[in-house]
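Student: Sequence plus the predicted model coming up.
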Amino acid sequence: MQEYIESHSSPEHPYLHALWRATHLHLNYPRMASGHLQGQVLRMLVQMIRPRLVLEIGTFTGYSALAMASALEPGAMLHTYEINDEQEDFTRPWIENSPWADRVTLHIEDILQACLQDVFDMVFIDADKRHYLDYYNAVFPHVRPGGYILADNTLWGGQVCDDLAFVSRSETNAKSSQLQGIMAFNDLVAADPRVEKVILPLRDGLTILRKK
């Protein structure tokens, strides 16, 4: 199914494909990179929303940042925050050598410690699942009315709607705490009257929120 969908979608940009291959060759957990299908969805959302200022939380190798940046209009900018400084040596050259380097600023910093002052048109959350609620609360005041917040992995392999997920709420290992973070985030935004929302069953779940 995945192969069919990708073959009937717009082709992956050669630079993004090279980044995807390098991610799988050189890094642990390469599945964390967005990849062709999600990258194309993010690119088209940017084309539809036409944001002037985008915030990404969780850079990893820069695939999603570059996919979004590839659709930004002249003068628009994307700021991407990565907390893991060990990732910088791999990611920064891929961003700075890309065709869209002038549209992306990489910050090696915890977004929860950053002094955000800008107002963003679009935010993409794809970092530590245990802190999704913290990210949401931190960036919400910095999203313009009518702006969008996207959150990745919100179906967590389908576990959010599994009966065993309720057992996992009481567990303390890293995997269960990430599931708990996702479920808490999903429950909060589902009840948040300040946003319209929908979860798309894309890859591991992509939530799209529009601030009223």
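Tutor: Right, received. Where do you want to start? Residues are numbered from 1 along each chain as shown.

Student: Nearest to the middle of this protein, which residue? Look it up for me.
Tutor: Nearest to the geometric centre of the chain sits residue 126, at 3.6 Å (C-alpha atoms, centre = their mean).

Student: how close does that one sit to residue 25?
Tutor: Here the criterion is C-beta to C-beta, to the nearest Å. By it, residue 126 lies 21 Å from residue 25. From N, CA and C alone the C-beta is placed, and that goes for glycine too.

Student: Next: residue 36.
Tutor: In terms of C-beta to C-beta, residue 36 sits 17 Å off from residue 25.

Student: Looking at the two now, which is surrounded by more residues?
Tutor: Neighbour count, other C-beta atoms under 10 Å: between residue 36 and residue 25, residue 36 has more, with 20 against 8.

Student: can I assume that one is in contact with residue 6?
Tutor: Yes - between residue 36 and residue 6 there is a contact at 5.4 Å, judged by C-beta atoms under 8 Å.

Student: Mutual contacts of the two, please.
Tutor: residue 12 (C-beta atoms under 8 Å, 6 or more residues apart in numbering).

Student: Identify, by residue count, the longest helix of the chain.
Tutor: Looking across the chain with DSSP state H, the single longest helix is helix 174-191.

Student: Buried ones in the helix or strand that that helix is followed by, by neighbour count?
Tutor: Going down the chain from helix 174-191, the next helix or strand is strand 195-200, by DSSP states H and E. Within strand 195-200, the residues that count as buried by 16 or more other C-beta atoms under 10 Å are 195, 199.

Student: so where's the chain uncertain?
Tutor: 163-175 (pLDDT under 70).

Student: Please, where are all the strands along it?
Tutor: Using DSSP state E, the strands found in the chain span residues 53-57, 77-82, 104-108, 120-125, 143-152, 195-200, 206-211.

Student: Measure how buried residue 155 is and give me the count.
Tutor: Residue 155: 20 surrounding residues under other C-beta under 10 Å.

Student: again with residue 24
Tutor: Residues lying near residue 24 (other C-beta under 10 Å) number 13.

Student: Residue 30 now?
Tutor: Applying other C-beta under 10 Å, we find 17 residues neighbouring residue 30.

Student: what's near enough to touch it?
Tutor: Taking C-beta under 8 Å, 6+ apart, we find residue 30 in contact with 23-24.

Student: burial measure for the residue nearest to residue 41 when sequence neighbours are not counted, as a count.
Tutor: Computed as C-beta to C-beta, 6 or more residues apart in numbering, the closest residue to residue 41 that is not its neighbour in sequence is residue 202, at 6.2 Å. Neighbour count for residue 202, taken as other C-beta under 10 Å: 14.

Student: which residues sit against the longest helix of the chain?
Tutor: With contacts defined as C-beta under 8 Å, 6+ apart, helix 174-191 is touched by 128-133, 136, 151, 153-154, 156, 159-160, 165, 168-169, 171, 195, 197, 199, 207, 209.
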